[in-house]
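# Fold the following.
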Amino acid sequence: MVRIPTNDPSPAYTPHELATNFTAPNTNPTMNRRLPSLPHCFFARTVDGVSVPDVRKVVHTYNLNIGGVDIRLFITIEPLRELSREHVFFLSLKAGALERPISEPATLRLSVDPRDLKFVVFAYPPRACLPQGCLYSLRVWLRAGDIDHRLFSEDSLWIGKDPDFYSIRDAAYARLRNATSQMLLYKIAMGEALVDFTVRWRHMFGKVYGLSLEYDGCGVGNTLFSDFVVSLDCPPELLDFVIYTIPVASNPRGATHRIRLWLRAPAQVGNVSGPAADMLSTKFIYQRIWSTDTFKVGNCLDFTALGPKMVMGVPHGDGPRTLSSPSERLFYREDDLAGVKQPRYGELTDSRKEVS
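Numbers count the residues shown, from 1 in each chain. Predicted structure coming up:
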């Protein structure tokens, strides 16, 4: 398979963290990240060895074509508790060989049969963007009798069949340097700083996988997100990613960067295999799944540019000491510890607010 690095200079956008109840198994606790709740149609009968009971549910399916991509939306309805009038609504999107939950689950009290519900589903481009024709706002309204209730609102649906990433000025693209059965390693120059990005996937159950993104610069790095949940109708090795950066004016110069991450999956369902020549003719669908506008890294930054009022610290004594004493964790509340000294970069693109 021939992989061609690409980029995206889209509008500045950092989604907000989602407040949901689902935490994927083995999520990195230091990230304190919660993802959209999975529709139960994603679940197998056992998850990490734990039995998951069947839930009677109703699934409504709607088809749309946006950005030249045929997508299928699944609205799954299931009771909050047995014999309860409270029902939870889940929304997931399937495009080509990939399905993923989007938006936050909604809970409504129903006095009607979920099978008798009707929905109004539509999407529209909220504004101009780069790459062109890839940004959509999605709305799902529930219609019961003569009354419409807005159910889902997603203003950051980035999707396209063949986006023109190179239309983005000043973007720098990551290049694939290594690939294994469980990860892809990309290298990119962010200003003058050479940084590695590693995309990993782990099998969770059935056709469901959790994606994660890590970065490393000269032996120092972090996990940017983990367990972004997708359901695949193709081997995960056929996924590819477009990672690019856009420079941001900062002081010192070269210290702040925008990063965009797009996921590329086959447009057709099923195993896609064959020689590289066949892969070149394979159609793919791109979805932007993560972004940040405040990634802080640089190469030998000139901190004196901050001005004459800056006071620079100097090392004390002969160097660092090695001690044995109670952990510094004792100075922090346990529920806040994850964010105390942890840089937070970007969010997954399942959000309902966009900052221009």
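# all contacts plus neighbour counts: C-alpha atoms, from now on.
Will do.
# Tell me which stretches of the stretch 51-200 of the chain form strands.
In the stretch 51-200 of the chain, the strands defined using DSSP state E, counting those that start in this stretch lie at 58-66, 69-79, 86-95, 98-101, 106-109, 118-124, 135-144, 147-160, 172-173, 175-179, 183-190, 193-205.
# TSV for those, including distance to Gln287 and mean neighbour count?
TSV is the format used below for these (distance: least, CA to CA, whole Å; neighbours: other CA atoms under 10 Å):
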stretch	distance to Gln287	mean neighbour count
strand 58-66	12	15
strand 69-79	11	20
strand 86-95	9	21
strand 98-101	10	22
strand 106-109	24	14
strand 118-124	15	15
strand 135-144	10	18
strand 147-160	4	19
strand 172-173	16	24
strand 175-179	18	15
strand 183-190	17	20
strand 193-205	15	18
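# Columns distance to Gly298 on top of these, output as a markdown table?
What follows is the strands of the stretch 51-200 of the chain, written out as a markdown table (distance: least, CA to CA, whole Å):
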| stretch | distance to Gly298 |
| --- | --- |
| strand 58-66 | 38 |
| strand 69-79 | 38 |
| strand 86-95 | 37 |
| strand 98-101 | 34 |
| strand 106-109 | 42 |
| strand 118-124 | 38 |
| strand 135-144 | 30 |
| strand 147-160 | 28 |
| strand 172-173 | 15 |
| strand 175-179 | 19 |
| strand 183-190 | 7 |
| strand 193-205 | 5 |
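# Tell me which of those sits nearest to Thr304.
Comparing the strands of the stretch 51-200 of the chain against Thr304 with CA to CA, the closest turns out to be strand 193-205 (18.5 Å).
# May I ask which helix or strand of the chain has the lowest mean pLDDT?
helix 276-280 (a mean of 47; mean pLDDT, DSSP states H and E).
# Quick check: next helix or strand after that helix?
Next along the chain after helix 276-280, taking DSSP states H and E as the criterion, comes strand 284-296.
# Remind me what that next one packs against, helices and strands.
Under the contact criterion of 3 or more CA pairs under 8 Å, 6 or more residues apart in numbering; DSSP states H and E, strand 284-296 touches strand 147-160, strand 256-266, strand 347-348.
# Give the buried residues for it.
Applying a neighbour-count criterion of 16 or more other CA atoms under 10 Å, one finds Phe284, Ile285, Tyr286, Gln287, Arg288, Ile289, Trp290, Ser291, Thr292, Asp293, Thr294, Phe295 buried in strand 284-296.
# so that strand versus strand 69-79, what angle?
Interaxial angle, strand 284-296 versus strand 69-79 (axes from the mean of the first three to the mean of the last three CA atoms, to 10 degrees): 80 degrees.
# Strand 284-296 pairs with which strands, and in what direction?
If you go by DSSP bridges, strand 284-296 pairs up with strand 147-160 (antiparallel), strand 256-266 (antiparallel), strand 347-348 (antiparallel).
# Distance from stretch 243-256 to the middle of the chain?
Between the centre of stretch 243-256 and the centre of its chain there are 21 Å (CA atoms, centre = their mean, to the nearest Å).
# Buried residues, that stretch. List them.
Quick answer for stretch 243-256 (16+ other CA under 10 Å): Ile243, Tyr244, Thr245, Ile246, Pro247, Arg253, Gly254, Ala255, Thr256.
# pLDDT on it, on average?
Mean per-residue pLDDT for stretch 243-256: 91.
# and the end-to-end length of it?
16 Å (CA to CA, to the nearest Å).
# swap in stretch 185-196?
Stretch 185-196 end-to-end distance (CA to CA) = 7 Å.
# Contacts for it, please.
172-179, 197-199, 215-218, 244-245, 247, 254, 257, 297-299 (CA atoms under 8 Å, 6 or more residues apart in numbering).
# Also stretch 241-260?
5-9, 12, 170-174, 188, 190-192, 261-264, 288, 290-299, 301-303, 305-306.
# got TSV for the helices and strands packed on strand 284-296, with distance to Pro235 too?
Listed next are these as TSV, based on distance: least, CA to CA, whole Å:
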stretch	distance to Pro235
strand 147-160	21
strand 256-266	10
strand 347-348	23
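# which one of the ones you listed lies closest to Leu73?
strand 147-160 (11.7 Å).
# what does the closest one rub up against?
Counting by CA under 8 Å, 6+ apart, 66-69, 91, 103-104, 106, 126, 133-143, 285-289, 349-354 sit against strand 147-160.
# so for stretch 106-119, what's the average pLDDT?
In this model, stretch 106-119 has an average pLDDT of 94.
# Endpoints of it, how far apart?
One end of stretch 106-119 sits 14 Å from the other (CA to CA).
# same deal with stretch 212-226?
Span of stretch 212-226 from end to end, CA to CA: 4 Å.
# Pull out the buried residues from that stretch.
Quick answer for stretch 212-226 (16+ other CA under 10 Å): Ser212, Leu213, Glu214, Tyr215, Asn222, Thr223, Leu224, Phe225, Ser226.
# I'd guessed Gln132 sits against Pro163; true?
Yes - the criterion here is CA atoms under 8 Å, and Gln132 meets it with Pro163 at 7.2 Å.
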